[in-house]
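A.B. asks: make a model of this:
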Amino acid sequence: MKRIQTLGCKSIKIAHLVRARPMIHQLDSQGNNRLPLPPIPSCVRTFEGFELTTAGDWQLFAGPSQSKLQLCWEPFQQGPVQMTDRFLHQLQLCWVARLQQKRSNTVYNDYGAVRQLHKWLNSAKGQTVVGAQFDWWNFTIELAFIWLEDLQQSSTQRFNAPKHHFNPVRFLYQLGAKLQLPDFSAEIAAQLEDLKLTGIRRQLQINFDLPTLECPVHCADGQVVDTASEKWNALYDIRTSKGITFNFNLLRKSPSVFSERFIHQVKLILIGQLKTLKPSTVHHSFQIIGDLDGWLRREVGQSFLEGRLFEWNDFTLELAQNWLDDLEKISSKRGLPFSKVRGMYELALETLALPDFSSSVLEGLREMTPLSADRGKHVRGFDPKTGPLSQAEEALLKMALEAELGQPEDRAIIMLLLHLGVRPHSLAILKVSHLKRYEQEGDVIYHLTVSPIKRETTVKNRPIPRQLGELLEQLQPDSAQPNDSLLFWLRASDPTLHMRQLLKRFIKASDLVSPETGKLLHLFPRRLRYTLATYLAEMGAPLSVVSELLGHDAIENVQTYVEMRMSVAHNIGKATAAALNPRIKYFTGHKIIDSLEEIKSPGVPLELIFDVAFNLKVFDKQPQVLGGCTRNPSQECHLFPPFSCYCCPKFAALRSAPHQSWLETIELFLEQSAGQVDDRILMQMNTTRYAVQELLVQLSGL
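C.D. replies: Numbering: from 1, shown residues only. The predicted structure is shown next:
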């Protein structure tokens, strides 16, 4: 039996309390005598050391100021439903024990929670659950569940009713069972444990046909997550080091939309995904369930709920089609959320074999084809703020870099982004040891080892300009170690945001005004990535090369740049393209030369460019020289000579070369190959055609 302190600090059992009120007997609902209750001590020493007289209302003293807290019993015996004397007697026994272990403020909070229970019992719903007299044996798990449901509905973002009202009563009931008071059930006390957390409505809705949650869960990337609580927060994104939290209480916003059974199955699905996917990818699935919650709260979604909580078996083909239609209207990602949920549905049915999922629904979902996200809209539209830099903007930026304007750290970031086209995180994880310096025949060459991220799998060694390599060396402190961060001035917690700030600072310091907008150039890391990709496409680089340099896992992801290049070319027209559209410059060659000797360097072999591509039958003829390449022979060419050469700044066009004949050959190929050759080849050939036309205009002196 629980031992408590009485006045005089003598330790005795509840059953033998002295100087106490008499024992109470009461008939149960069948008129039988219930077990007698222990007496309440007439005086108790509280946790703070004050003496409490238990006769009548209780006066508690809390805190250094000894502020009074009054517990009145009369309100409990007012209204249609009244608490019995037996109920109050056992409640006071619980508080006698609690006052000696907890501060008086805690007991006063308990008192407020019991008052809220009494208030609810006198509500219209409460009166349908109990009779006119309420005792502790009336506090069943069914009643607790119904009360908790109502508390959930009344909660707001600023006030958590289940936490402040239900949890204290739950704890009091469990304390009464622990004290072995006669009207308390140990079984109910254990069941209340399943309802203890904020807003949880578990077993009565979840039922017992669903598997329990695996805990802990070992993720695919080696992390371990505790799934016992409503917040899974021991995870982080390995790529960005940011924490990842799955807060399932966000799916219980008042008024509730999802049933607990639905949420439980979402947890099972996410656990299944965590075993095969990165936590950041799985968290995206969780966020999309939140998007579905938002849609169901709208008018069109409410029409499917009909006042009920949403279950997985409510995810019908009709609902899915309506949701997909709305997604394609209002979401920039279009059908991506739908595809994610479809994948979750597939996992639940085919791998986890959960009961609320239908094979016929899954078959219908697979037949739905959502629109893909509008990839490349900034690139295709030449958006002056978010698309690739125009040639004029890029030229201004490079002039500012060569003039060494702004901070050297800012210049280093811009040059890296402009030359490598990598994602910001790839720069953030660079180490000092990743910068390699080689000396070859008196020349200095720099390379950077770029580690794979996202879906990339291979480490890349990328050449960088000597000017950039020297700048990076100069920026390193004398104490730099091989494993130190190469770009040590970047905030590792959010490198993308920090880079945006540095780029903005550079533009402001350099006073770079865009000729497109007449305002300061709007520059951020992704624009420089777009710019490099667009340049490579304009140069005629194969899609596989562009895809590899940008770190894309599929060629389709860079198709936008080729489409953009071709759409611009088609709008120009044919023979008059160069003369009528001076803004778009196709021929960007190094210069026009009269002799190859003009570009020859001592000791360096000259690379000649011929008008031949033997893989295309129309070019199977005696080759003729079109010009030469002025790039450093130690640097690999990622383009596709001779088509890309006319668009490459390293190309020196020989004035006497048969450029007109080369143009006619290209046009013949385009005419003969329409509908028979891959469109990407035709796009590249068209761009080359316009560049040759522009060169011929320059040679003619127009």
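
A.B. asks: only C-alpha atoms for contact and neighbour calcs from this point on.
C.D. replies: OK.

A.B. asks: give me the distance between the closest residue to residue 629 other than its chain neighbours and residue 626.
C.D. replies: Excluding the flanking residues, the one nearest residue 629 by CA to CA, 6 or more residues apart in numbering is residue 651, at 4.9 Å. Per CA to CA, to the nearest Å, residue 651 is found 10 Å from residue 626.

A.B. asks: one step back: the residue nearest to residue 629 is in contact with residue 632, isn't it?
C.D. replies: No - using CA atoms under 8 Å, residue 651 is not in contact with residue 632, being 12.0 Å away.

A.B. asks: neighbour count for the two, which is higher?
C.D. replies: residue 651 (25 against 13; other CA atoms under 10 Å).

A.B. asks: quick one: low-confidence parts of the stretch 451-600 of the chain?
C.D. replies: Within the stretch 451-600 of the chain, the ranges that satisfy pLDDT under 70 run 452-460, 492-493, 535-590.

A.B. asks: show me where it has strands.
C.D. replies: For the stretch 451-600 of the chain, the strands defined by DSSP state E, counting those that start in this stretch occupy 460-464, 591-593.

A.B. asks: now tabulate these in JSON lines and tack on distance to residue 450.
C.D. replies: Formatted as JSON lines, the strands of the stretch 451-600 of the chain follow (distance: least, CA to CA, whole Å):
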{"stretch": "strand 460-464", "distance to residue 450": "5"}
{"stretch": "strand 591-593", "distance to residue 450": "33"}
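
A.B. asks: so for residue 425, which of the ones you listed sits nearest?
C.D. replies: Of all the strands of the stretch 451-600 of the chain, it is strand 460-464 that lies closest to residue 425, at 14.9 Å by CA to CA.

A.B. asks: so what's residue 611 up against?
C.D. replies: 619, 623, 624, 625, 626, 642, 662 (CA atoms under 8 Å, 6 or more residues apart in numbering).

A.B. asks: to residue 95, which of the strands of the stretch 451-600 of the chain lies closest?
C.D. replies: Comparing those by CA to CA, strand 460-464 comes nearest, at 69.0 Å.

A.B. asks: which residues touch the closest one?
C.D. replies: When contacts are defined by CA under 8 Å, 6+ apart, strand 460-464 is touched by residues 419, 420, 445, 446, 447, 448, 449, 450, 451, 452, 635.

A.B. asks: and residue 447, that's in a strand?
C.D. replies: Yes - per DSSP: H, G, I helix; E, B strand; the rest coil, residue 447 lies within a strand segment.

A.B. asks: what is the burial count for it?
C.D. replies: Here the number of neighbours of residue 447 (other CA under 10 Å) works out to 18.

A.B. asks: same thing with residue 601?
C.D. replies: Neighbouring residues of residue 601 were enumerated by other CA under 10 Å; the total is 10.

A.B. asks: now do the phi/psi pair for it.
C.D. replies: phi -110, psi 140 (degrees, to the nearest 10).

A.B. asks: from residue 629, how far out is it?
C.D. replies: In terms of CA to CA, residue 601 sits 12 Å off from residue 629.

A.B. asks: check residue 120 too.
C.D. replies: 86 Å.

A.B. asks: one more: residue 259?
C.D. replies: On the measure of CA to CA, residue 259 and residue 629 end up 68 Å apart.

A.B. asks: which one's more surrounded, these two?
C.D. replies: residue 629 (22 against 19).

A.B. asks: for the more buried one, what are its contacts?
C.D. replies: 606, 607, 608, 609, 650, 651, 652.

A.B. asks: quick one, which of those are buried?
C.D. replies: In these, burial by neighbour count holds for 606, 608, 609, 650, 651, 652, counting by 16 or more other CA atoms under 10 Å.

A.B. asks: and which of those is nearest residue 476?
C.D. replies: residue 650 (31.8 Å).

A.B. asks: roughly how far out does stretch 269-277 sit from the chain middle?
C.D. replies: Centroid displacement of stretch 269-277 relative to its chain, using CA atoms, centre = their mean, to the nearest Å, is 16 Å.

A.B. asks: residues contacting that stretch, please?
C.D. replies: By CA under 8 Å, 6+ apart, stretch 269-277 touches 214, 217-221, 282, 285-286, 344, 347-348, 352.

A.B. asks: and residue 92, how many neighbours does it have?
C.D. replies: Neighbours of residue 92 (other CA under 10 Å): 17.

A.B. asks: now it, what's its secondary structure?
C.D. replies: Residue 92 falls in the helix class when you classify it by three-state DSSP.

A.B. asks: might one say that it is in contact with residue 39?
C.D. replies: No - here residue 92 does not reach residue 39: they are 10.0 Å apart, not a contact under CA under 8 Å.

A.B. asks: give me the common contacts of these two.
C.D. replies: By CA under 8 Å, 6+ apart, no residue touches both residue 92 and residue 39.

A.B. asks: which stretches in the stretch 1-150 of the chain count as helices?
C.D. replies: Assigned by DSSP state H, counting those that start in this stretch, the helices in the stretch 1-150 of the chain fall at 85-99, 104-121, 124-129, 141-154.

A.B. asks: export these to a markdown table and tack on mean pLDDT and distance to residue 339?
C.D. replies: What follows is those, written out as a markdown table (pLDDT from 0 to 100; distance: least, CA to CA, whole Å):
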| stretch | mean pLDDT | distance to residue 339 |
| --- | --- | --- |
| helix 85-99 | 92 | 53 |
| helix 104-121 | 91 | 44 |
| helix 124-129 | 84 | 42 |
| helix 141-154 | 80 | 32 |
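
A.B. asks: please convert those to JSON lines, extending it with distance to residue 688.
C.D. replies: Formatted as JSON lines, the helices of the stretch 1-150 of the chain follow (distance: least, CA to CA, whole Å):
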{"stretch": "helix 85-99", "distance to residue 688": "86"}
{"stretch": "helix 104-121", "distance to residue 688": "79"}
{"stretch": "helix 124-129", "distance to residue 688": "79"}
{"stretch": "helix 141-154", "distance to residue 688": "67"}
